[in-house]
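Q: Have a look at this fold, sequence not included:
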Ligand SMILES: O=C[C@H](O)COP(=O)(O)O
(Lines give C-alpha, C1' and ligand atoms only; values in the text may rest on other atoms or scores of the structure.)
Protein backbone atom coordinates (compact mmCIF):
# COMPACT_ATOMS: atom_id res chain seq x y z
CA UNK A 1 0.00 0.00 0.00
CA UNK A 2 1.26 3.49 -0.77
CA UNK A 3 2.18 5.99 1.88
CA UNK A 4 -0.72 8.29 2.62
CA UNK A 5 0.22 11.98 2.69
CA UNK A 6 0.33 13.31 6.25
CA UNK A 7 0.00 16.91 7.39
CA UNK A 8 0.48 17.83 11.02
CA UNK A 9 -0.12 21.25 12.52
CA UNK A 10 1.96 21.90 15.62
CA UNK A 11 0.51 24.86 17.47
CA UNK A 12 3.31 24.73 20.04
CA UNK A 13 2.82 26.90 23.15
CA UNK A 14 0.54 29.49 21.60
CA UNK A 15 -3.11 30.42 21.35
CA UNK A 16 -6.10 31.62 23.31
CA UNK A 17 -9.44 29.87 23.41
CA UNK A 18 -10.81 32.42 20.92
CA UNK A 19 -7.96 31.82 18.50
CA UNK A 20 -8.32 28.08 18.87
CA UNK A 21 -12.03 28.36 18.10
CA UNK A 22 -11.32 30.36 14.97
CA UNK A 23 -8.69 27.95 13.70
CA UNK A 24 -10.96 24.97 14.30
CA UNK A 25 -13.84 26.69 12.57
CA UNK A 26 -11.64 27.38 9.54
CA UNK A 27 -10.48 23.80 9.44
CA UNK A 28 -14.04 22.56 9.70
CA UNK A 29 -15.15 24.74 6.80
CA UNK A 30 -12.24 23.90 4.53
CA UNK A 31 -12.55 21.76 1.47
CA UNK A 32 -9.60 19.44 1.43
CA UNK A 33 -8.78 16.14 -0.25
CA UNK A 34 -10.48 13.19 1.40
CA UNK A 35 -9.05 11.08 4.22
CA UNK A 36 -7.92 8.40 1.80
CA UNK A 37 -5.63 10.99 0.18
CA UNK A 38 -4.37 12.94 3.19
CA UNK A 39 -4.27 12.42 6.94
CA UNK A 40 -4.50 15.64 8.96
CA UNK A 41 -3.52 15.91 12.62
CA UNK A 42 -3.43 19.12 14.64
CA UNK A 43 -1.59 19.48 17.88
CA UNK A 44 -2.86 22.13 20.27
CA UNK A 45 -1.38 22.75 23.71
CA UNK A 46 -2.64 20.30 26.36
CA UNK A 47 -5.26 22.61 27.80
CA UNK A 48 -7.04 22.90 24.46
CA UNK A 49 -6.85 19.23 23.50
CA UNK A 50 -10.34 18.24 24.72
CA UNK A 51 -12.10 21.23 23.19
CA UNK A 52 -10.32 20.80 19.87
CA UNK A 53 -10.92 17.07 19.83
CA UNK A 54 -14.63 17.58 20.51
CA UNK A 55 -15.20 20.37 18.00
CA UNK A 56 -12.94 19.30 15.14
CA UNK A 57 -14.34 17.61 12.05
CA UNK A 58 -14.15 13.82 12.33
CA UNK A 59 -11.73 13.32 9.44
CA UNK A 60 -9.05 15.38 11.22
CA UNK A 61 -7.36 14.15 14.37
CA UNK A 62 -5.47 15.58 17.30
CA UNK A 63 -2.04 15.03 18.79
CA UNK A 64 -0.49 15.94 22.11
CA UNK A 65 2.85 17.72 21.92
CA UNK A 66 4.58 15.47 24.43
CA UNK A 67 3.95 12.79 27.02
CA UNK A 68 5.76 11.27 29.95
CA UNK A 69 8.34 8.59 29.40
CA UNK A 70 6.66 5.93 31.52
CA UNK A 71 3.55 5.15 33.52
CA UNK A 72 2.08 8.14 35.30
CA UNK A 73 2.55 8.73 39.02
CA UNK A 74 4.41 11.25 41.13
CA UNK A 75 5.74 13.31 38.22
CA UNK A 76 4.45 16.82 38.78
CA UNK A 77 3.67 18.67 35.61
CA UNK A 78 3.77 15.65 33.36
CA UNK A 79 0.98 14.04 31.35
CA UNK A 80 1.14 10.31 30.77
CA UNK A 81 0.49 8.32 27.61
CA UNK A 82 -2.28 6.44 29.47
CA UNK A 83 -4.06 9.70 30.20
CA UNK A 84 -3.97 10.71 26.55
CA UNK A 85 -5.38 7.36 25.54
CA UNK A 86 -7.98 7.63 28.28
CA UNK A 87 -9.35 10.90 26.88
CA UNK A 88 -9.23 9.67 23.30
CA UNK A 89 -6.15 11.46 21.96
CA UNK A 90 -4.70 9.21 19.26
CA UNK A 91 -1.39 10.92 18.43
CA UNK A 92 1.59 12.44 20.21
CA UNK A 93 4.58 14.42 18.92
CA UNK A 94 7.83 13.29 20.53
CA UNK A 95 11.42 14.41 20.20
CA UNK A 96 10.71 17.87 18.84
CA UNK A 97 13.96 19.81 18.60
CA UNK A 98 12.62 22.48 20.94
CA UNK A 99 12.32 19.86 23.65
CA UNK A 100 15.63 18.25 22.73
CA UNK A 101 17.50 21.54 22.98
CA UNK A 102 15.58 23.51 25.62
CA UNK A 103 14.75 20.61 27.90
CA UNK A 104 17.84 18.52 27.19
CA UNK A 105 15.93 15.50 25.96
CA UNK A 106 18.52 12.99 24.81
CA UNK A 107 18.17 10.56 21.92
CA UNK A 108 17.75 7.71 24.39
CA UNK A 109 15.11 9.55 26.42
CA UNK A 110 13.17 10.30 23.23
CA UNK A 111 13.53 6.66 22.17
CA UNK A 112 12.16 5.51 25.53
CA UNK A 113 9.22 7.90 25.19
CA UNK A 114 8.42 6.70 21.68
CA UNK A 115 8.51 3.07 22.80
CA UNK A 116 6.33 3.72 25.84
CA UNK A 117 3.77 5.82 23.96
CA UNK A 118 3.46 3.11 21.30
CA UNK A 119 3.10 0.44 23.94
CA UNK A 120 0.10 2.34 25.31
CA UNK A 121 -1.59 2.54 21.91
CA UNK A 122 -0.63 6.06 20.88
CA UNK A 123 0.59 6.86 17.40
CA UNK A 124 3.79 8.86 17.34
CA UNK A 125 5.19 11.68 15.24
CA UNK A 126 8.87 11.26 16.06
CA UNK A 127 11.07 14.25 15.21
CA UNK A 128 14.70 14.22 14.15
CA UNK A 129 16.88 16.94 12.70
CA UNK A 130 20.28 18.57 12.70
CA UNK A 131 21.43 22.02 13.77
CA UNK A 132 23.05 24.45 11.37
CA UNK A 133 26.48 23.73 12.84
CA UNK A 134 25.97 20.02 12.35
CA UNK A 135 24.87 20.52 8.75
CA UNK A 136 27.82 22.77 8.04
CA UNK A 137 30.13 20.20 9.57
CA UNK A 138 28.75 17.63 7.12
CA UNK A 139 27.25 15.47 9.86
CA UNK A 140 23.56 15.75 8.99
CA UNK A 141 23.05 12.06 8.36
CA UNK A 142 25.17 11.03 11.30
CA UNK A 143 22.94 13.12 13.56
CA UNK A 144 19.57 12.07 12.19
CA UNK A 145 20.67 8.43 11.97
CA UNK A 146 21.72 8.47 15.63
CA UNK A 147 18.37 9.99 16.59
CA UNK A 148 16.52 7.41 14.51
CA UNK A 149 18.69 4.61 15.80
CA UNK A 150 17.72 5.42 19.40
CA UNK A 151 14.10 4.92 18.36
CA UNK A 152 14.74 1.84 16.23
CA UNK A 153 16.63 0.21 19.08
CA UNK A 154 13.46 0.31 21.20
CA UNK A 155 10.73 -0.08 18.60
CA UNK A 156 10.03 -3.07 16.41
CA UNK A 157 6.62 -2.12 15.04
CA UNK A 158 6.81 1.06 12.98
CA UNK A 159 3.24 0.95 11.74
CA UNK A 160 2.19 3.76 14.09
CA UNK A 161 5.24 5.94 13.66
CA UNK A 162 5.60 8.94 11.38
CA UNK A 163 9.16 10.21 11.17
CA UNK A 164 9.41 14.00 10.97
CA UNK A 165 12.65 15.38 9.57
CA UNK A 166 12.91 18.91 10.93
CA UNK A 167 16.23 20.64 10.38
CA UNK A 168 16.63 22.91 13.39
CA UNK A 169 17.95 25.74 11.22
CA UNK A 170 14.69 25.75 9.26
CA UNK A 171 12.29 25.82 12.20
CA UNK A 172 10.59 29.17 12.60
CA UNK A 173 13.30 30.92 10.61
CA UNK A 174 11.70 31.25 7.20
CA UNK A 175 14.74 29.39 5.83
CA UNK A 176 13.00 26.35 4.44
CA UNK A 177 15.11 23.42 3.25
CA UNK A 178 15.19 23.29 -0.52
CA UNK A 179 13.20 20.43 -2.02
CA UNK A 180 16.50 18.79 -3.00
CA UNK A 181 17.88 19.11 0.54
CA UNK A 182 14.72 17.65 2.05
CA UNK A 183 14.60 14.83 -0.49
CA UNK A 184 18.23 14.01 0.10
CA UNK A 185 17.81 13.51 3.83
CA UNK A 186 14.47 11.72 3.48
CA UNK A 187 15.97 9.36 0.95
CA UNK A 188 18.98 8.68 3.17
CA UNK A 189 16.69 8.11 6.15
CA UNK A 190 14.70 5.64 4.11
CA UNK A 191 17.88 3.85 3.17
CA UNK A 192 18.86 3.82 6.82
CA UNK A 193 15.53 2.24 7.72
CA UNK A 194 16.01 -0.25 4.91
CA UNK A 195 19.40 -1.30 6.23
CA UNK A 196 18.60 -1.21 9.93
CA UNK A 197 14.95 -2.15 10.30
CA UNK A 198 13.40 -3.88 7.29
CA UNK A 199 12.63 -3.18 3.65
CA UNK A 200 8.96 -3.10 4.56
CA UNK A 201 9.43 -0.48 7.30
CA UNK A 202 11.53 1.58 4.89
CA UNK A 203 8.91 1.36 2.18
CA UNK A 204 5.89 2.12 4.33
CA UNK A 205 7.05 4.56 7.02
CA UNK A 206 6.03 8.09 6.25
CA UNK A 207 8.84 10.61 6.45
CA UNK A 208 7.46 14.12 6.66
CA UNK A 209 9.30 17.42 6.51
CA UNK A 210 9.03 20.32 8.95
CA UNK A 211 10.65 23.75 9.05
CA UNK A 212 9.21 26.95 7.56
CA UNK A 213 6.71 25.13 5.38
CA UNK A 214 4.14 27.51 3.95
CA UNK A 215 1.53 27.79 1.25
CA UNK A 216 4.10 28.92 -1.29
CA UNK A 217 6.76 26.24 -0.86
CA UNK A 218 4.67 23.19 0.04
CA UNK A 219 3.90 21.94 -3.46
CA UNK A 220 7.47 21.81 -4.63
CA UNK A 221 8.48 19.98 -1.47
CA UNK A 222 5.54 17.60 -1.72
CA UNK A 223 6.54 16.70 -5.27
CA UNK A 224 9.69 15.01 -3.99
CA UNK A 225 9.25 11.25 -3.91
CA UNK A 226 10.37 10.70 -0.32
CA UNK A 227 8.55 13.68 1.18
CA UNK A 228 5.35 12.16 2.53
CA UNK A 229 3.89 15.24 4.13
CA UNK A 230 4.66 18.03 6.56
CA UNK A 231 4.82 19.04 10.18
CA UNK A 232 3.85 22.69 10.16
CA UNK A 233 4.36 25.23 12.92
CA UNK A 234 3.74 28.90 12.22
CA UNK A 235 1.66 28.44 9.09
CA UNK A 236 -0.77 26.14 10.91
CA UNK A 237 -1.71 29.00 13.23
CA UNK A 238 -2.49 31.60 10.60
CA UNK A 239 -6.20 32.17 10.70
CA UNK A 240 -6.61 33.42 7.17
CA UNK A 241 -4.64 34.90 4.35
CA UNK A 242 -4.92 38.59 3.77
CA UNK A 243 -7.78 39.26 1.39
CA UNK A 244 -6.86 40.32 -2.10
CA UNK A 245 -8.50 43.69 -2.64
CA UNK A 246 -10.30 43.65 -5.94
CA UNK A 247 -11.81 47.14 -5.63
CA UNK A 248 -13.17 48.31 -8.93
CA UNK A 249 -11.49 51.46 -10.24
CA UNK A 250 -14.79 53.21 -10.98
CA UNK A 251 -17.16 54.42 -8.29
CA UNK A 252 -20.71 55.02 -9.39
CA UNK A 253 -22.39 58.06 -7.85
CA UNK A 254 -23.49 57.11 -4.38
CA UNK A 255 -22.31 53.55 -4.83
CA UNK A 256 -18.90 52.10 -4.37
CA UNK A 257 -18.38 48.50 -5.31
CA UNK A 258 -15.68 46.72 -3.42
CA UNK A 259 -14.98 43.06 -3.89
CA UNK A 260 -12.77 41.28 -1.48
CA UNK A 261 -11.74 37.77 -2.22
CA UNK A 262 -10.84 35.94 0.98
CA UNK A 263 -8.41 33.12 0.57
CA UNK A 264 -8.45 30.21 2.92
CA UNK A 265 -5.72 29.86 5.52
CA UNK A 266 -2.29 28.75 4.43
CA UNK A 267 -2.56 25.47 6.33
CA UNK A 268 -5.36 24.42 3.99
CA UNK A 269 -3.10 25.04 0.99
CA UNK A 270 -0.51 22.86 2.68
CA UNK A 271 -3.04 20.07 3.21
CA UNK A 272 -3.98 20.40 -0.44
CA UNK A 273 -0.36 19.84 -1.44
CA UNK A 274 -1.34 16.17 -1.10
CA UNK A 275 -2.85 16.62 -4.56
CA UNK A 276 0.68 16.86 -5.94
CA UNK A 277 1.14 13.18 -5.14
CA UNK A 278 -1.96 12.37 -7.14
CA UNK A 279 -0.43 14.12 -10.12
CA UNK A 280 2.70 12.08 -9.57
CA UNK A 281 0.56 9.02 -10.00
CA UNK A 282 0.56 9.87 -13.64
CA UNK A 283 4.25 10.68 -13.61
CA UNK A 284 5.58 7.47 -12.12
CA UNK A 285 4.03 4.50 -13.75
CA UNK A 286 4.68 0.88 -14.43
CA UNK A 287 4.09 -0.55 -17.84
CA UNK A 288 3.87 -4.17 -18.64
CA UNK A 289 2.08 -4.91 -21.83
CA UNK A 290 2.49 -6.28 -25.30
CA UNK A 291 1.58 -4.74 -28.58
CA UNK A 292 -0.56 -7.06 -30.63
CA UNK A 293 1.49 -6.55 -33.78
CA UNK A 294 4.13 -8.76 -32.24
CA UNK A 295 6.56 -6.21 -30.92
CA UNK A 296 6.84 -6.73 -27.20
CA UNK A 297 7.02 -3.71 -24.96
CA UNK A 298 7.87 -3.59 -21.33
CA UNK A 299 9.17 -0.89 -19.09
CA UNK A 300 9.67 -0.52 -15.43
CA UNK A 301 10.53 2.20 -13.07
CA UNK A 302 13.69 3.08 -11.25
CA UNK A 303 13.88 5.38 -8.31
CA UNK A 304 14.71 9.00 -8.80
CA UNK A 305 18.34 9.68 -7.94
CA UNK A 306 18.29 12.86 -5.88
CA UNK A 307 21.14 15.34 -5.98
CA UNK A 308 23.46 14.95 -3.04
CA UNK A 309 24.44 18.23 -1.57
CA UNK A 310 25.79 18.20 1.87
CA UNK A 311 24.63 14.97 3.41
CA UNK A 312 27.36 12.82 4.80
CA UNK A 313 26.44 9.19 4.37
CA UNK A 314 28.79 7.89 7.04
CA UNK A 315 26.51 7.25 9.94
CA UNK A 316 25.64 4.79 12.61
CA UNK A 317 23.74 1.69 11.70
CA UNK A 318 21.32 0.09 14.10
CA UNK A 319 23.81 -2.64 14.88
CA UNK A 320 26.14 -0.04 16.31
CA UNK A 321 28.58 -0.20 13.39
CA UNK A 322 29.42 2.73 11.22
CA UNK A 323 27.96 2.40 7.81
CA UNK A 324 30.49 2.73 5.09
CA UNK A 325 30.57 5.89 3.04
CA UNK A 326 32.58 8.97 2.44
CA UNK A 327 33.42 11.11 5.41
CA UNK A 328 33.38 14.14 3.21
CA UNK A 329 30.45 15.38 1.26
CA UNK A 330 29.46 12.81 -1.25
CA UNK A 331 28.65 13.11 -4.89
CA UNK A 332 26.56 10.89 -7.07
CA UNK A 333 29.72 9.61 -8.67
CA UNK A 334 31.10 8.26 -5.39
CA UNK A 335 27.95 6.82 -3.89
CA UNK A 336 25.40 5.59 -6.39
CA UNK A 337 21.85 5.71 -5.15
CA UNK A 338 20.31 2.36 -4.48
CA UNK A 339 17.65 1.67 -7.09
CA UNK A 340 14.52 0.42 -5.48
CA UNK A 341 13.15 -2.87 -6.55
CA UNK A 342 9.90 -2.82 -8.41
CA UNK A 343 8.28 -4.46 -5.37
CA UNK A 344 9.43 -1.66 -3.08
CA UNK A 345 8.27 1.01 -5.45
CA UNK A 346 4.93 -0.64 -5.81
CA UNK A 347 4.59 -0.58 -2.05
CA UNK A 348 5.97 2.84 -1.42
CA UNK A 349 4.68 5.09 -4.14
CA UNK A 350 1.50 6.02 -5.77
CA UNK A 351 1.60 3.94 -8.86
CA UNK A 352 -0.81 3.20 -11.60
CA UNK A 353 -0.35 0.59 -14.27
CA UNK A 354 -1.69 1.45 -17.68
CA UNK A 355 -2.61 -1.24 -20.12
CA UNK A 356 -1.90 -0.67 -23.76
CA UNK A 357 -5.63 -0.49 -24.46
CA UNK A 358 -6.01 2.25 -21.81
CA UNK A 359 -3.32 4.30 -23.52
CA UNK A 360 -4.97 3.58 -26.82
CA UNK A 361 -8.25 4.90 -25.47
CA UNK A 362 -6.58 7.94 -23.91
CA UNK A 363 -4.98 8.87 -27.23
CA UNK A 364 -8.06 7.95 -29.28
CA UNK A 365 -6.30 5.03 -30.88
CA UNK A 366 -3.11 7.04 -31.39
CA UNK A 367 -4.94 9.33 -33.73
CA UNK A 368 -2.67 10.91 -36.32
CA UNK A 369 -4.08 14.37 -35.63
CA UNK A 370 -3.02 14.10 -31.97
CA UNK A 371 0.66 13.74 -32.75
CA UNK A 372 2.65 16.27 -30.73
CA UNK A 373 5.96 15.52 -32.31
CA UNK A 374 8.07 12.89 -33.95
CA UNK A 375 11.64 11.80 -33.33
CA UNK A 376 13.94 8.96 -34.30
CA UNK A 377 12.15 6.70 -31.86
CA UNK A 378 8.63 7.31 -33.01
CA UNK A 379 5.71 9.62 -32.37
CA UNK A 380 4.47 11.35 -29.26
CA UNK A 381 0.69 11.40 -29.01
CA UNK A 382 -1.41 13.70 -26.92
CA UNK A 383 -4.07 12.09 -24.76
CA UNK A 384 -6.32 12.77 -21.80
CA UNK A 385 -6.95 10.89 -18.59
CA UNK A 386 -9.33 11.61 -15.75
CA UNK A 387 -7.21 12.95 -12.90
CA UNK A 388 -9.14 10.99 -10.29
CA UNK A 389 -9.92 7.66 -11.90
CA UNK A 390 -6.87 7.81 -14.22
CA UNK A 391 -8.95 6.27 -16.97
CA UNK A 392 -9.22 7.67 -20.49
CA UNK A 393 -11.07 10.98 -20.49
CA UNK A 394 -12.83 12.99 -23.13
CA UNK A 395 -10.43 15.08 -25.20
CA UNK A 396 -9.91 18.44 -23.58
CA UNK A 397 -10.86 17.24 -20.08
CA UNK A 398 -8.86 15.95 -17.11
CA UNK A 399 -5.08 15.73 -17.28
CA UNK A 400 -3.20 15.98 -20.53
CA UNK A 401 -0.68 13.23 -21.07
CA UNK A 402 1.84 12.50 -23.77
CA UNK A 403 2.37 8.94 -24.83
CA UNK A 404 5.48 8.07 -26.68
CA UNK A 405 5.06 5.15 -29.06
CA UNK A 406 8.22 3.49 -30.22
CA UNK A 407 8.57 2.61 -33.89
CA UNK A 408 8.71 -1.14 -34.11
CA UNK A 409 11.86 -1.08 -36.17
CA UNK A 410 13.53 1.79 -34.39
CA UNK A 411 16.35 0.37 -32.32
CA UNK A 412 18.50 3.35 -33.27
CA UNK A 413 15.74 5.70 -32.19
CA UNK A 414 15.48 3.83 -28.96
CA UNK A 415 19.16 4.40 -28.23
CA UNK A 416 18.73 8.08 -29.06
CA UNK A 417 15.79 8.22 -26.73
CA UNK A 418 17.87 6.76 -23.91
CA UNK A 419 20.76 9.10 -24.68
CA UNK A 420 18.59 12.19 -24.77
CA UNK A 421 17.59 11.47 -21.20
CA UNK A 422 21.12 10.91 -19.99
CA UNK A 423 20.15 7.41 -18.92
CA UNK A 424 22.97 5.48 -17.42
CA UNK A 425 23.63 2.43 -19.57
CA UNK A 426 24.93 0.63 -16.45
CA UNK A 427 21.42 0.46 -15.20
CA UNK A 428 20.22 -1.58 -18.14
CA UNK A 429 19.31 -5.05 -16.99
CA UNK A 430 20.76 -7.43 -19.53
CA UNK A 431 19.80 -10.54 -17.68
CA UNK A 432 17.03 -11.48 -20.05
CA UNK A 433 17.91 -14.33 -22.34
CA UNK A 434 15.87 -12.66 -25.07
CA UNK A 435 18.01 -9.55 -25.07
CA UNK A 436 18.27 -6.52 -22.83
CA UNK A 437 15.40 -5.23 -20.78
CA UNK A 438 15.31 -1.54 -20.20
CA UNK A 439 14.25 -0.52 -16.73
CA UNK A 440 13.35 3.08 -16.89
CA UNK A 441 11.50 5.74 -15.10
CA UNK A 442 9.16 6.04 -17.98
CA UNK A 443 7.31 9.17 -16.96
CA UNK A 444 9.28 12.34 -16.84
CA UNK A 445 8.53 15.57 -15.09
CA UNK A 446 10.45 17.60 -17.60
CA UNK A 447 11.88 15.33 -20.22
CA UNK A 448 14.37 16.78 -22.62
CA UNK A 449 13.09 17.09 -26.06
CA UNK A 450 9.43 17.03 -25.22
CA UNK A 451 7.30 19.45 -27.16
CA UNK A 452 7.72 22.90 -25.67
CA UNK A 453 4.02 23.48 -25.36
CA UNK A 454 3.42 20.29 -23.47
CA UNK A 455 3.23 20.53 -19.70
CA UNK A 456 1.81 17.21 -18.59
CA UNK A 457 3.30 13.89 -17.63
CA UNK A 458 5.27 11.85 -20.06
CA UNK A 459 4.51 8.23 -20.73
CA UNK A 460 6.77 6.08 -22.72
CA UNK A 461 6.51 2.39 -23.43
CA UNK A 462 9.86 0.76 -24.00
CA UNK A 463 10.82 -2.29 -25.86
CA UNK A 464 12.49 -5.43 -24.61
O1 LIG B 1 6.73 21.28 14.49
C2 LIG B 1 6.85 22.13 13.63
C3 LIG B 1 8.12 22.69 13.31
O4 LIG B 1 8.82 23.06 14.43
C5 LIG B 1 8.10 23.71 12.20
O6 LIG B 1 7.79 24.98 12.67
P7 LIG B 1 7.67 26.17 11.58
O8 LIG B 1 6.74 25.67 10.51
O9 LIG B 1 7.11 27.32 12.35
O10 LIG B 1 9.03 26.42 11.05
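A: Everything's here; your move. In this text the structure is predicted, and so the values were computed from the model without any measurement. Numbers count the residues shown, from 1 in each chain.
Q: So for the helix ranked longest in the chain, what gets flagged as buried?
A: Using DSSP state H, we find that the single longest helix of the chain is helix 179-196. Within helix 179-196, the residues scored as buried using 16 or more other C-beta atoms under 10 Å are 179, 181-196. (C-beta placed from N, C-alpha, C; glycine too.)
Q: Show me what counts as buried in the particular helix or strand that has residue 142 in it.
A: Residue 142 is part of helix 140-152 when elements are defined by DSSP states H and E. Residues of helix 140-152 classed as buried: 140-145, 147-152 (neighbour count, 16+ other C-beta under 10 Å).
Q: After it, which helix or strand is next?
A: That would be, after helix 140-152 and using DSSP H and E, strand 161-165.
Q: Show me what the mean pLDDT comes to for that next one.
A: What strand 161-165 shows for mean pLDDT is 98.
Q: what's the answer for stretch 116-124, then?
A: Stretch 116-124 comes out at a mean pLDDT of 98.
Q: same thing with stretch 93-104?
A: If you average the pLDDT over stretch 93-104, you get 98.
Q: do the same with stretch 17-34
A: Mean predicted confidence for stretch 17-34 is 95.
Q: Now do it: everything it contacts.
A: 11, 15, 38, 40, 42, 44, 48, 51-52, 55-57, 59-60, 236-237, 239-240, 264-265, 267-268, 271-272, 274-275, 278 (C-beta atoms under 8 Å, 6 or more residues apart in numbering).
Q: returning to that earlier point: the longest helix of the chain vs strand 161-165, what angle?
A: Interaxial angle, helix 179-196 versus strand 161-165 (axes from the mean of the first three to the mean of the last three C-alpha atoms, to 10 degrees): 140 degrees.
Q: Quick check: residues of the chain near the ligand?
A: Taking C-beta under 6 Å from any ligand atom as the contact definition, the chain meets the ligand at 10, 96, 166, 171-172, 210-213, 231-235.
Q: repeat that with 8 Å
A: 8, 10, 12, 43, 93, 96-98, 127, 164, 166, 170-174, 176, 210-214, 231-236 (C-beta under 8 Å from any ligand atom).
Q: In the stretch 201-350 of the chain, which residue sits nearest the ligand?
A: Per C-beta to the nearest ligand atom, the residue of the stretch 201-350 of the chain with the smallest distance to the ligand is residue 233, at 2.3 Å.
Q: related to what we said a few turns ago, which strands and helices lie in contact with the next helix-or-strand element following the longest helix of the chain?
A: The helix or strand immediately downstream of helix 179-196 is helix 199-204, counting by DSSP H and E. Where contact means 3 or more C-beta pairs under 8 Å, 6 or more residues apart in numbering; DSSP states H and E, helix 199-204 is packed against helix 179-196, helix 342-348.
Q: circling back: just put the buried residues of helix 140-152 in CSV and tack on pLDDT and distance to residue 78.
A: Putting the buried residues of helix 140-152 into CSV (pLDDT from 0 to 100; distance: C-beta to C-beta, whole Å) gives the following:
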residue, pLDDT, distance to residue 78
140, 98, 32
141, 98, 33
142, 98, 31
143, 98, 27
144, 98, 27
145, 98, 29
147, 98, 22
148, 98, 25
149, 98, 26
150, 98, 20
151, 98, 20
152, 98, 25
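Q: hey, least reliable of the helices and strands packed on helix 199-204 by pLDDT?
A: Confidence, taken as mean pLDDT, is least for helix 342-348 of those (a mean of 46).
Q: returning to what we had before: report the inter-axis angle for the longest helix of the chain versus helix 140-152.
A: Using the same axes, to 10 degrees, one finds that helix 179-196 and helix 140-152 are set 40 degrees apart in direction.
Q: If I follow the layout properly, residue 228 ends up in contact with residue 206?
A: Yes: with contact defined as C-beta atoms under 8 Å, residue 228 and residue 206 form a contacting pair (4.0 Å).
Q: So for these two, which sits in the more crowded spot?
A: residue 228 (26 against 20; other C-beta atoms under 10 Å).
Q: Next, give phi and psi for the more buried one.
A: Torsion angles at residue 228 (phi, psi; degrees, to the nearest 10) stand at phi -100, psi 10.
Q: give the contact list for it.
A: By C-beta under 8 Å, 6+ apart, the residues touching residue 228 are 3-6, 162, 186, 206-208.
Q: coming back round to it: counting only helices, which of the residues of the chain next to the ligand make the cut?
A: 97-98.
Q: Got a ChimeraX select line for the buried ones in the residues of the chain next to the ligand?
A: With 16+ other C-beta under 10 Å as the criterion, this ChimeraX line picks the buried residues out of the residues of the chain next to the ligand:
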select :8,10,12,43,93,96,97,98,127,164,166,170,171,176,210,211,212,213,214,231,232,233,234,235,236
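Q: And the strands in the stretch 1-150 of the chain?
A: Secondary structure of the stretch 1-150 of the chain by DSSP state E, counting those that start in this stretch: the strands cover 5-10, 38-43, 60-64, 91-94, 123-128.
Q: Save the ones you listed as TSV, and put in distance to residue 75 too.
A: Below are those laid out as TSV (distance: least, C-beta to C-beta, whole Å):
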stretch	distance to residue 75
strand 5-10	23
strand 38-43	21
strand 60-64	15
strand 91-94	16
strand 123-128	19
